[in-house]
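Visitor: The sequence and its predicted three-dimensional model are supplied below.
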Amino acid sequence: MALFKNLNLEKLKSGLSKTRKKLIDNINELVTGRAILDEATLDKIEEILVSSDIGYDIVEKVIDRARYFNTLERDRKNTGIVDSIKKELSQVLKSNMPNGQANLPQGNNEDITKFKPYVILIIGVNGVGKTTTVGKLAHNYRNTGLKVVVGAADTFRAAANEQLEIWAQKAGVDIVQKNKGVDPSSVAYDVIEKAKNNGHDVVIIDTAGRLHNKANLMEELNKIKRVIKKVLPYAPNETLLVLDGNTGQNAIQQSREFSKITDISGIIITKLDGTAKGGVIFQIVAEQKIPIKYIGVGEGINDLQTFDVDLFLSAIFN
């Protein structure tokens, strides 16, 4: 059975409008009418790319390619330069995804049938949109006809249970929660037992994110995983790291720190509609070589989209 995909090009274009304006509109404005780009103009293009959080190493390659195209008479036009940037950034995404794939199995009904229930662990620091993402992801799965239950294992944040309960209601899915301060692994145990006993297809577990105390966080995540494996030896099927696209270099640092703490199978970038620094995606993929699974391009329940390289580039370069 096919992968589920929540794709909407117009919504994606709208959500990435700030990044597109920062990157492409500004570059087009710089190069329009110029037959040859001098070094001063290339320096300005480099500044635009760097300020979009694309990353210095990637920007250097982009500028080198632009400089090469600038030496070819047939490409001395602004479209040639912009196309050269697009090709280089496309190569960054496609070459650094595992096995060269833009989208690895996610929400694949065949996998879910094989591993029923299919267990997804959501990690990330507080404030990046983890709980909201759990609700949106649950909604996506439920829309494919699957039975979903979410677990509120962020038991240290007072509002976490209430927030997740609201999103579970919006998504029309079941929820398992306990009182503030209880052992998060007990929530993981209970939600998987509920899934097994009630025939749920998908389990999505929200976790706490206290990266300032890495030792405790690592032990907590490891304990959750140990408890999960006692109930389901194959689980979790996915561990997804949520990063806030607004935070730029902080998101890069968080991806580094969480990679040290636990294995990550995929990344979700949230709040891309609120930032001009969507270029952070290129830097994360190039450095971590972990696939981007989903991106958030709005506050609505339908605004968590499956990440598709070609569609993402189309929305930016339009």
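Guide: Sure thing, it's come through.

Visitor: Low-confidence stretches in the stretch 51-200 of the chain?
Guide: By pLDDT under 70, the low-scoring segments of the stretch 51-200 of the chain are 70-79, 98-111.

Visitor: repeat that for 90
Guide: Residues of the stretch 51-200 of the chain meeting the criterion pLDDT under 90: 51-53, 55, 61-88, 94-115, 126-127, 154-161, 178-182.

Visitor: can you map out the helices along it?
Guide: 56-70, 78-96, 109-114, 130-142, 160-171, 184-198 (DSSP state H, counting those that start in this stretch).

Visitor: Show me the one of the ones you listed that comes nearest Ile316.
Guide: Distance to Ile316, taken as CB to CB, is lowest for helix 78-96 among the helices of the stretch 51-200 of the chain, at 8.2 Å. Using the backbone N, CA and C atoms, a C-beta is placed for each residue, glycine as well.

Visitor: Check which helices and strands that closest one is in contact with.
Guide: helix 26-31, helix 56-70, helix 280-288, helix 309-317 (3 or more CB pairs under 8 Å, 6 or more residues apart in numbering; DSSP states H and E).

Visitor: Repeat the analysis, applying 10 Å as the threshold.
Guide: helix 26-31, helix 39-51, helix 56-70, helix 280-288, helix 309-317 (3 or more CB pairs under 10 Å, 6 or more residues apart in numbering; DSSP states H and E).

Visitor: got these as TSV, with mean neighbour count and distance to Leu7 columns?
Guide: Listed next are those as TSV, based on neighbours: other CB atoms under 10 Å; distance: least, CB to CB, whole Å:
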stretch	mean neighbour count	distance to Leu7
helix 26-31	17	26
helix 39-51	16	26
helix 56-70	17	25
helix 280-288	22	16
helix 309-317	18	6
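
Visitor: Can you lay out these as CSV showing distance to Trp167?
Guide: Putting these into CSV (distance: least, CB to CB, whole Å) gives the following:
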stretch, distance to Trp167
helix 26-31, 36
helix 39-51, 34
helix 56-70, 35
helix 280-288, 24
helix 309-317, 25
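
Visitor: that older thread, of all the helices of the stretch 51-200 of the chain, which gets the most neighbours per residue?
Guide: Across these, the average number of neighbours (mean count of other CB atoms under 10 Å) peaks for helix 130-142, which reaches a mean of 24.

Visitor: quick one: it to helix 160-171, angle?
Guide: In terms of direction (axes from the mean of the first three to the mean of the last three CA atoms, to 10 degrees), helix 130-142 departs from helix 160-171 by 30 degrees.

Visitor: and helix 130-142, how far out from the chain's middle?
Guide: The chain centroid and the centroid of helix 130-142 are separated by 13 Å under CA atoms, centre = their mean, to the nearest Å.

Visitor: cool, and stretch 129-144?
Guide: 13 Å.

Visitor: Dump the C-alpha coordinates for that stretch into PDB.
Guide: Only the C-alpha atoms of stretch 129-144 are listed here, as PDB (Å, rounded to 0.1, in the frame of the first residue of the first chain):
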ATOM      1  CA  GLY A 129       6.000  22.500  18.900                       C
ATOM      2  CA  LYS A 130       6.200  18.800  19.900                       C
ATOM      3  CA  THR A 131       2.800  18.500  21.400                       C
ATOM      4  CA  THR A 132       1.100  20.300  18.500                       C
ATOM      5  CA  THR A 133       3.000  18.100  16.000                       C
ATOM      6  CA  VAL A 134       1.800  15.000  17.800                       C
ATOM      7  CA  GLY A 135      -1.800  16.100  17.300                       C
ATOM      8  CA  LYS A 136      -1.200  17.000  13.600                       C
ATOM      9  CA  LEU A 137       0.600  13.700  12.900                       C
ATOM     10  CA  ALA A 138      -2.200  11.800  14.600                       C
ATOM     11  CA  HIS A 139      -4.700  13.600  12.400                       C
ATOM     12  CA  ASN A 140      -2.700  12.600   9.300                       C
ATOM     13  CA  TYR A 141      -2.700   9.000  10.200                       C
ATOM     14  CA  ARG A 142      -6.300   8.900  11.200                       C
ATOM     15  CA  ASN A 143      -7.300  10.400   7.900                       C
ATOM     16  CA  THR A 144      -5.900   7.300   6.200                       C
END
